[in-house]
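Engineer: The following block contains a protein sequence and its predicted model.
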Amino acid sequence: MVKILQRDEPVLRKIAEEVAIEEIKGSKIKKVIADMKAALKSQDDGVAIAAPQIGQPLRIFVISKELINNILGKEKEKDQKSKIVQIQNEVFINPVITKLSKDRQMMEEGCLSVRYLYGKVSRASRASIRAYDEDGRLFERGASGLLAQIFQHEVDHLNGILFIDSATDLEEVPPEKGQKSS
């Protein structure tokens, strides 16, 4: 099992390296992505993970497609007018946030690498991102709410920033007995 590193690990504070386009489909990157997916799947409360969190200083993050599509589906049910498109790409390689809305919201946040602290972080309510998928195809995606928050949180990881660097109202919330922990 791949270990999720905790906040004192130096790799979490370094700027991650870009992945060469020609290496995206190679065995090294495929293994990193598979390890990231396995680590994320092992966590009941994880929505996304960045490569540095498993000790790989690479500009890659993975979103839990099942969890996010479930959340987006619930948001769509609440607002029948919304045109929420389900996440197709769960792997983001060399992601760049291309646009952030000026309006910001205080959002509850936690992190698999900062167990079990939670706090509020000011995030743009909408974000657009450009990245490569695991097949080396460039794509762009806009998002609002939770998905925009995830884009910002994970890109912060790739830049050596943890949410606790700017969070307010930090509170430790240990897991309930019987719940999985890292």
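Structural biologist: Perfect, thanks for sending it.

Engineer: alpha carbons only for contacts and neighbour counts from here, please
Structural biologist: Fine.

Engineer: which residue ranges form the strands in the chain?
Structural biologist: Counting by DSSP state E, the chain has strands at residues 48-50, 60-63, 91-100, 104-109, 117-124, 126-132, 138-144, 168-172.

Engineer: between the third one and strand 126-132, how many degrees?
Structural biologist: Orientation note: strand 91-100 sits at an angle of 140 degrees relative to strand 126-132 (axes from the mean of the first three to the mean of the last three Cα atoms, to 10 degrees).

Engineer: any idea of the mean pLDDT for strand 91-100?
Structural biologist: Throughout strand 91-100, pLDDT has a mean value of 98.

Engineer: same question, the first one
Structural biologist: In this model, strand 48-50 carries a mean pLDDT of 97.

Engineer: do the fifth one as well
Structural biologist: Regarding strand 117-124, the rounded mean pLDDT is 97.

Engineer: residues in contact with that strand?
Structural biologist: The contact list for strand 117-124 (Cα atoms under 8 Å, 6 or more residues apart in numbering) reads 100-111, 148-149, 152, 163-164, 166-173.

Engineer: let's go with 6 Å and repeat that
Structural biologist: Outside strand 117-124, the residues that touch it by Cα atoms under 6 Å, 6 or more residues apart in numbering are 100-101, 103-110, 167-172.

Engineer: For those residues, which single residue is the most surrounded?
Structural biologist: residue 110 (25 neighbours; other Cα atoms under 10 Å).

Engineer: quick one, helices of the chain?
Structural biologist: Using DSSP state H, the helices of the chain run over 27-41, 65-78, 145-158.

Engineer: ok so, going back, out of the strands of the chain, deepest packed?
Structural biologist: strand 48-50 (a mean of 28; mean count of other Cα atoms under 10 Å).

Engineer: now it, how far from the chain's geometric center?
Structural biologist: In terms of Cα atoms, centre = their mean, to the nearest Å, the centre of strand 48-50 is found 4 Å from the chain centre.

Engineer: swap in stretch 39-56?
Structural biologist: With Cα atoms, centre = their mean, you get 8 Å for stretch 39-56.

Engineer: One more: stretch 159-170?
Structural biologist: The answer for stretch 159-170 is 14 Å, by Cα atoms, centre = their mean.

Engineer: now the end-to-end length of that stretch.
Structural biologist: According to Cα to Cα, to the nearest Å, stretch 159-170 extends 22 Å from its N-terminal end residue to its C-terminal end residue.

Engineer: hmm, back to that, mind putting the strands of the chain in a markdown table, distance to residue 13 included?
Structural biologist: Converted to a markdown table, the strands of the chain look like this (distance: least, Cα to Cα, whole Å):
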| stretch | distance to residue 13 |
| --- | --- |
| strand 48-50 | 12 |
| strand 60-63 | 15 |
| strand 91-100 | 17 |
| strand 104-109 | 18 |
| strand 117-124 | 18 |
| strand 126-132 | 22 |
| strand 138-144 | 26 |
| strand 168-172 | 20 |
